[in-house]
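**Student:** predicted model follows, preceded by the sequence.
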Amino acid sequence: MTQTAFVSNDPAIKTKYCKHCAATIHADAVICTMCGLQVEELKSAQPNIVINNSNVNTNTNTNVAGVYGAGKQKNKWVALALCFFLGVLGAHRFYEGKVGTGILYFFTWGIFGIGALIDFFILLFKPNPYYV
C-alpha cells in the first residue's frame with residue numbers, strides 16, 4: 001500500500017512541507033504521513049508551577065533531651081561500675097530508676113548472673129551520658 005502526499009485544492013486549508021521527505025502535509029500535522037518522522041515539537045501547554053517553600057517551623061518541645069530521647073540523664077561509667085561490682089544485687093537497675101527489675105535482680109542474684117552479665121555489655125556500648 002502506497003501513501004500519497006496531502007493534496008488539497010482548497011486555499012483555506014494550510015499546508016507545509018515535511019523537512020525530511022519534502023512531502024506536502026497539513027499545517028497542523030506533527031508527524032509526516034509519508035515518511036512517519038516527527039516534523040515539529042508537540043505543542044503542549046506547560047503548567048505554571050510555583051514553589052513557595054517558606055517552612056519556618058521550629059521545634060518548641062522542651063521535653064526532648066538530646067538525640068537519644070527524653071528521660072533522666074545517667075552517667076554510663078557510674079552504671080557500669082555498679083553493674084560490675086554489685087550487678088547481682090541489681091544496684092545498676094536501682095540507679096537507673098528501674099526498681100522492679102532491681103528487686104528481681106536482688107532476689108534472683110542478677111537472674112543467676114546472666115542478666116547482670118548481659119546488662120554489663122549493654123551498658124558498655126551505650127553513649128555517655130544516656131537517658132532512661
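**Tutor:** Alright, I've got the coordinates. Residues are numbered from 1 along each chain as shown.
**Student:** which parts of this protein are strands?
**Tutor:** Assigned strands in the chain, in chain order: 15-17, 24-26, 73-74, 130-131 (criterion: DSSP state E).
**Student:** make CSV from those and add mean pLDDT to it.
**Tutor:** As requested, the strands of the chain are arranged in CSV below (pLDDT from 0 to 100):
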stretch, mean pLDDT
strand 15-17, 86
strand 24-26, 86
strand 73-74, 90
strand 130-131, 86
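**Student:** quick one: residue 76 and residue 132 touch, right?
**Tutor:** No: checked against Cβ atoms under 8 Å, the pair residue 76 and residue 132 is beyond contact range at 11.2 Å. All C-beta atoms are positioned from the backbone trio N, CA, C, and that covers glycine.
**Student:** format the strands of the chain as a markdown table; extra columns: mean neighbour count.
**Tutor:** Conversion of those to a markdown table gives the following (neighbours: other Cβ atoms under 10 Å):
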| stretch | mean neighbour count |
| --- | --- |
| strand 15-17 | 15 |
| strand 24-26 | 16 |
| strand 73-74 | 16 |
| strand 130-131 | 17 |
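**Student:** alright, I will stop here.
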